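Asker: give the three-dimensional model of this entry:
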Amino acid sequence: MQLANYYRSLLQRLPALSVDADKVRALHSAAAFRERLLTLIATAQTRICLVALYLQDDDAGREILTALHQAKQANPTLDVRLYVDFHRAQRGLIGHAGQGGNHLMYQEFAERYEHPIAIHGVPVKGRELLGVLHLKGFVFDDTLLYSGASINDIYLHQNGRYRFDRYHEITDAGLADAMLDYVDRLFAHNPAVPALNQPEIPTARRLRQPIRQFRHRLRRGQYQFEHQPRQPGEVAVTPLAGLGKRGNKLNRAIRTMVRGTKEKLFVCTPYFNLPKSLARDIRSQLKKGREVTLVIGDKTANDFYIPPDEPFRTIGGLPYLYEANLRRFARSNQTFIYQGKLHIMLWRHDHNSYHLKGLFVDDDLAMITGNNLNPRAWGLDLENGLLLQDPEHRLRATFEQEKANILQHCRRLTHFTEIEQLGDYPEPVQRLLKRVQRTQANVLLKRLL
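Answerer: Residues are numbered from 1 along each chain as shown. I've put the predicted structure just below:
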């Protein structure tokens, strides 16, 4: 317990913003997230800044983009900005050959409206495979709407399906300022971050040198704000950013939270491929008798799952790779499952998918983040998160409701043999996974997925 207190003391030393606990709320569905997003766009008075992996050219994407442009037309002085991943914006969906990039829609909207909004592409690396903009957070005046979700039909529950995520709204001028200041310092007016709604977009090759310089800035970049001691009735909120394995403050804070567990740890991740260091930390807590709950999507709730009755594509092997990881983890920790110390909860709800990430530690620590808690997030993508420290337990009821909502469509694994293995998979999947194992490509894949 002394060691846990030591790690908690490290978190307490982090600079933080003091936020009224009553100004922190959780939304519980993709539909509620969409509704709140549209309301905040329509009521913003001075500034709107959306940072996401992508805003897709589909019904939901066009609805949000239309709302942003309409807000700008109604109030031309309104500062409206959208930052998305540079590479992702210029290609179609995986598996949809011939589909144009979202930048074509952005250009179309710019020509249609008298007062266009600013839409920029952020190239974290020279190639999408090596790292993307996975930063999250939407600012509306003094309100931050934070979710791991991007903007498209399934994330906003359009056309009958949804992708389940976490959604939080925090109203605090200091926090909104800090989130926007990061974007202003690192993205705005940077030659590596071009406009995507203009006719001519420079290629990644042309931007090679600016991207290299930009990447160095991102590695060092961090949120800047004046520390505010927490007062009664408030929670301490620390925004953190991270890129790369070395000196990554977000990764370090996540590991410190896990190590600071005294009684119970609750972890959400959509793709079960934990970084080795984080897996060791979790196993260490199990050995110390802590209660650990891991909430993971069933393979059928994975973004890339392809039903056996549909034509198989290589990308459809990913959910099975993640499930194989989970089976190995469950097998090696079966004793803790027997003891009731390890709860592996598999989420599945009809034909919907699962995209939750984040941590709860005991009743006083929480991490709200878009970080997938996998090697790619740990070392390649630009990530961020909000560390909440709540020693007065002001948010306990809020987070207990959120956890109950998350667990609503989960089943608990009682034995690792409940998870399918290679021989149970469809023939195309078996052939793919055998080829991956034979070439030892799984070592590389674990780093990139």
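Asker: identify the residue nearest the spatially most distant residue from the centre of the chain in space, chain neighbours excluded?
Answerer: Note on the chain: the largest C-alpha distance from the chain mean falls to residue 114, namely 33.9 Å (C-alpha atoms, centre = their mean). Sequence neighbours aside, residue 73 is the residue nearest to residue 114 in space, at 6.7 Å (criterion: C-beta to C-beta, 6 or more residues apart in numbering). To be clear about C-beta, it is placed using only N, CA and C from the backbone, and glycine gets the same treatment.
Asker: specify the local secondary structure of that neighbour.
Answerer: helix (DSSP: H, G, I helix; E, B strand; the rest coil).
Asker: so how far is the helix or strand containing residue 268 off the chain centroid?
Answerer: Taking DSSP states H and E as the definition, residue 268 sits inside strand 264-269. Centre-to-centre, strand 264-269 and its host chain are 15 Å apart (C-alpha atoms, centre = their mean, to the nearest Å).
Asker: from the contact counts, what lies against it?
Answerer: helix 276-287, strand 291-297, strand 358-361 (3 or more C-beta pairs under 8 Å, 6 or more residues apart in numbering; DSSP states H and E).
Asker: follow-up on the earlier one: what sits against the residue nearest to residue 114?
Answerer: Neighbouring residues of residue 73 by C-beta atoms under 8 Å, 6 or more residues apart in numbering: 113, 114, 115.
Asker: for those, which one is nearest residue 21?
Answerer: Ranked by distance to residue 21 (C-beta to C-beta), the contacts of residue 73 are led by residue 115 at 38.2 Å.
Asker: partner strands of the strand holding residue 268, with direction?
Answerer: Strand 264-269 pairs in its sheet with strand 291-297 (parallel), strand 358-361 (antiparallel), by DSSP bridges.
Asker: quick check: buried residues in stretch 25-42?
Answerer: Buried positions in stretch 25-42, judged by neighbour count with 16 or more other C-beta atoms under 10 Å: 26, 27, 28, 30, 33, 34, 36, 37, 40, 41.
Asker: and the strands in the stretch 151-300 of the chain?
Answerer: Assigned by DSSP state E, counting those that start in this stretch, the strands in the stretch 151-300 of the chain fall at 163-164, 167-171, 234-242, 264-269, 291-297.
Asker: just how off-centre is the third one within its chain?
Answerer: Relative to the centre of its chain, strand 234-242 is centred 16 Å away, using C-alpha atoms, centre = their mean.
Asker: go on, the first one?
Answerer: On the basis of C-alpha atoms, centre = their mean, strand 163-164 is displaced by 12 Å from the centre of the chain it belongs to.
Asker: same question for the second one.
Answerer: Centre-to-centre, strand 167-171 and its host chain are 15 Å apart (C-alpha atoms, centre = their mean).
Asker: the inter-axis angle of it versus strand 234-242?
Answerer: 120 degrees (axes from the mean of the first three to the mean of the last three C-alpha atoms, to 10 degrees).
Asker: quick check: which ranges of the chain have low pLDDT?
Answerer: The model of the chain has pLDDT under 70 over residues 92-100, 440-449.
Asker: tell me the centre residue of this protein?
Answerer: For the chain, residue 370 is the residue whose C-alpha lies nearest the centre (C-alpha atoms, centre = their mean; 1.8 Å).
Asker: and the strands paired with strand 264-269 as CSV, adding distance to residue 155 and mean neighbour count?
Answerer: CSV is the format used below for the strands paired with strand 264-269 (distance: least, C-beta to C-beta, whole Å; neighbours: other C-beta atoms under 10 Å):
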stretch, distance to residue 155, mean neighbour count
strand 291-297, 14, 22
strand 358-361, 16, 25
